[in-house]
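Chemist: Pasted the sequence and its predicted model underneath.
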Number of protein chains: 2
Amino acid sequence: MTSSSSDSGTSANGSAAGSPAPKPPAKDPWELPDVSGLVVGVLGGTGDQGRGLAYRLALAGQKVIIGSRSAERARAAADELGHGVEGADNATCASRSDVIIVAVPWDGHAKTLQSLAEELTGKLVVDCVNPLGFDKKGAYALTPEEGSAAEQAAALLPGARVTAAFHHLSAVLLQDAEVESIDTDVMVLGESRADTDIVQALAGRITGMRGVFAGRLRNAHQVESLVANLISVNRRYKAHAGVRLTDI
Amino acid sequence: MTSSSSDSGTSANGSAAGSPAPKPPAKDPWELPDVSGLVVGVLGGTGDQGRGLAYRLALAGQKVIIGSRSAERARAAADELGHGVEGADNATCASRSDVIIVAVPWDGHAKTLQSLAEELTGKLVVDCVNPLGFDKKGAYALTPEEGSAAEQAAALLPGARVTAAFHHLSAVLLQDAEVESIDTDVMVLGESRADTDIVQALAGRITGMRGVFAGRLRNAHQVESLVANLISVNRRYKAHAGVRLTDI
């Protein structure tokens, strides 16, 4: 604004990484395992968020199974989505999948996971549930007894590898076939590097998306709750706001 | 992005906005009041975050007064920063400023504000404190009894106009004179549109920064706590991560 303003071809272009000084990245957020062969299940796959994620992952070439309490409803949603998406009841979805995304409403979160504890044993679980309340002033964060939805999942599924991710996506954009690129970073949380790497890689398969490691599960609450702020942003600016992390 | 509007010299200066479909912004995050004449006080201005903010705002042409318990220390820090920055004890800083940024350590937050309740009456207060704990696993969120540092400030300062902002900035980048642009969005929270507009405008004076309204104070906790996640990001990627909101 003031000062010389002369030089530097840095900055601008927007998206991420307006890194002022060029420097080699210590850890490349793209250096991740090949996950193209993994089967992804989406519990709550008939809801908006679940459908949107199923659609984007299938579009990227991933094998996707939508889970629902009703196998029939799951199959109907899968048929609508196309791209090889299958539908099944929740238990079958969990059993047949390598990675299971939990996209159920917060209300049914504990109950659904409790009922699938056996099928989810040994599986990589990705919780993307945002515990929110709503009143006339808008959305606000709920605080689960366990600290967060992800920590509740970890408590209920001691045999599963629980991670958290995909919280800040717009279900509207995900489901809109005319939107070619979902330009956002996905914060991935978890206790095991091997697991969070897989989830990051999965996020990275979706055009425009990048998975970024963003801490342990004990720091999931604020990531889940930030959706309340994005809802405020969206109301004020009539937008579908997403989050990018800069300098990486 | 361009569209018909001839006059408004607004629109995406390149910052964020990977907006997939071009559409006119409903509310332009740059359409804000002129704040160039306001005096900005920075409580805790001798700390890293406070010094960094004072430096950037002064660099942008803002009149800045650093506050500290010790007027002498404040003046020494101000002299180092240059650009017309002044130093004073906290009470004088608060009295002489129109907008007061609270950048004290969380430990001293309640006590400092309590002692300044009179001087801060009627003033626009911008809390940027992040209540965090640290152990060998890294940083984690603390939950103040009032919900957040910002809500604690509001409770302690019933006569002030309390907002929250500037949580996710890297003190390292802010203080580095070789870094010309701080490429990040600043989430601004508060109860009054007039007040959050002023804070957004203030953020927008710093090269690279953009102020974005991101909700009411009851949703401040997750914004404050997200710093724990950014610390994880910084450790993993050896970065100074910031946050951009897309689609606005």
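Modeler: Okay, I see it.

Chemist: In contact with A:Ala77, which residues?
Modeler: Contact analysis of A:Ala77 by CB atoms under 8 Å, 6 or more residues apart in numbering or on different chains lists A:Gly45, A:Thr46, A:Arg51, A:Ala54, A:Ile66, A:Ser68, A:Gly87. Any C-beta I mention is one placed from the backbone N, CA and C, and that applies to glycine too.

Chemist: Check what pLDDT the closest residue to it other than its chain neighbours gets.
Modeler: Closest residue to A:Ala77 apart from its sequence neighbours, by CB to CB, 6 or more residues apart in numbering or on different chains: A:Thr46 at 4.5 Å. If you check A:Thr46, the pLDDT there is 94.

Chemist: isn't A:Thr46 right up against A:Ser68?
Modeler: Yes. A:Thr46 lies in contact with A:Ser68 (CB atoms under 8 Å); the separation is 4.7 Å.

Chemist: For these two, list the residues in contact with both.
Modeler: Shared contacts of A:Thr46 and A:Ser68, defined by CB under 8 Å, 6+ apart, are found at A:Ala74, A:Ala77.

Chemist: and the longest helix along chain A, is it in reach of chain B?
Modeler: In chain A, taking DSSP state H as the definition, the longest helix is helix A:220-237. Yes. On the criterion CB under 8 Å from any CB of the partner chain, helix A:220-237 is in touch with chain B at A:221-223, A:225-226, A:228-233, A:236-237.

Chemist: Widest-spaced pair of the residues you listed?
Modeler: Largest separation among the residues of helix A:220-237 next to chain B by CB to CB: A:His221 and A:Tyr237, giving 25.2 Å.

Chemist: the more surrounded of the two?
Modeler: Neighbours per residue (other CB atoms under 10 Å in any protein chain shown) separate A:His221 from A:Tyr237, with A:His221 holding more: 28 against 19.

Chemist: Grab the nearest non-local neighbour of that one.
Modeler: Nearest-residue entry for A:His221: A:Ser148, 4.0 Å, with adjacent residues in sequence omitted and distances by CB to CB, 6+ apart.

Chemist: roughly how far apart are the one you found and A:Leu189?
Modeler: Per CB to CB, to the nearest Å, A:Ser148 is found 9 Å from A:Leu189.

Chemist: May I have the secondary structure class of the most centrally placed residue in chain A?
Modeler: Centre of chain A computed as the mean C-alpha position; nearest residue by CA atoms, centre = their mean is A:Phe166, 1.4 Å away. Classification of A:Phe166 using DSSP: H, G, I helix; E, B strand; the rest coil returns coil.

Chemist: Phi, psi for it please.
Modeler: Note on A:Phe166: backbone dihedrals following degrees, to the nearest 10 are phi 60, psi 40.

Chemist: related to what we said a few turns ago, so which of the residues of helix A:220-237 next to chain B is the closest to B:Ala103?
Modeler: Closest approach between those and B:Ala103, by CB to CB: A:Gln222, at 20.1 Å.

Chemist: Looks like the closest one contacts B:Thr143 (just checking).
Modeler: No. Using CB under 8 Å, A:Gln222 makes no contact with B:Thr143, being 10.2 Å away.

Chemist: what sits in contact with each of these two?
Modeler: Common neighbours of A:Gln222 and B:Thr143 (criterion: CB under 8 Å, 6+ apart): B:His221.

Chemist: the more surrounded of these two?
Modeler: A:Gln222 (24 against 14).

Chemist: OK, contacts around that one?
Modeler: With CB under 8 Å, 6+ apart, A:Gln222 has these contacts: B:Ala141, B:His221, B:Gln222, B:Val223, B:Ser225, B:Leu226, B:Ala228, B:Asn229.

Chemist: And these, which two are furthest apart?
Modeler: B:His221 and B:Asn229 (13.3 Å).

Chemist: Once you drop chain neighbours, what's closest to A:Ile182?
Modeler: Distances taken as CB to CB, 6+ apart place A:Gly208 nearest to A:Ile182, at 4.5 Å, with adjacent residues excluded.

Chemist: what's that neighbour in contact with, if anything?
Modeler: Counting by CB under 8 Å, 6+ apart, A:Gly208 makes contact with A:Glu180, A:Ser181, A:Ile182, A:Asp183, A:Thr184, B:Gly18.

Chemist: Any figure for the gap between it and A:Arg244?
Modeler: Computed with CB to CB, the distance linking A:Gly208 and A:Arg244 is 10 Å.

Chemist: what does A:Asp89 give?
Modeler: Going from A:Asp89 to A:Arg244 by CB to CB gives 37 Å.

Chemist: same check, this time on A:Phe166
Modeler: Per CB to CB, A:Phe166 is found 15 Å from A:Arg244.

Chemist: repeat for A:Ala74
Modeler: Distance of A:Ala74 to A:Arg244, computed by CB to CB: 33 Å.

Chemist: Repeat that for A:Val162.
Modeler: Counting by CB to CB, the gap from A:Val162 to A:Arg244 is 25 Å.

Chemist: And the strands in chain A, which stretches?
Modeler: Taking DSSP state E, the strands of chain A run over residues A:39-43, A:63-68, A:86-89, A:99-102, A:124-127, A:132-135, A:138-141, A:161-164, A:184-190, A:209-213, A:242-246.

Chemist: Mind giving me the packing neighbours of the second one?
Modeler: Packing partners of strand A:63-68 (3 or more CB pairs under 8 Å, 6 or more residues apart in numbering or on different chains; DSSP states H and E): strand A:39-43, helix A:48-59, helix A:71-81, strand A:86-89, helix A:90-96.
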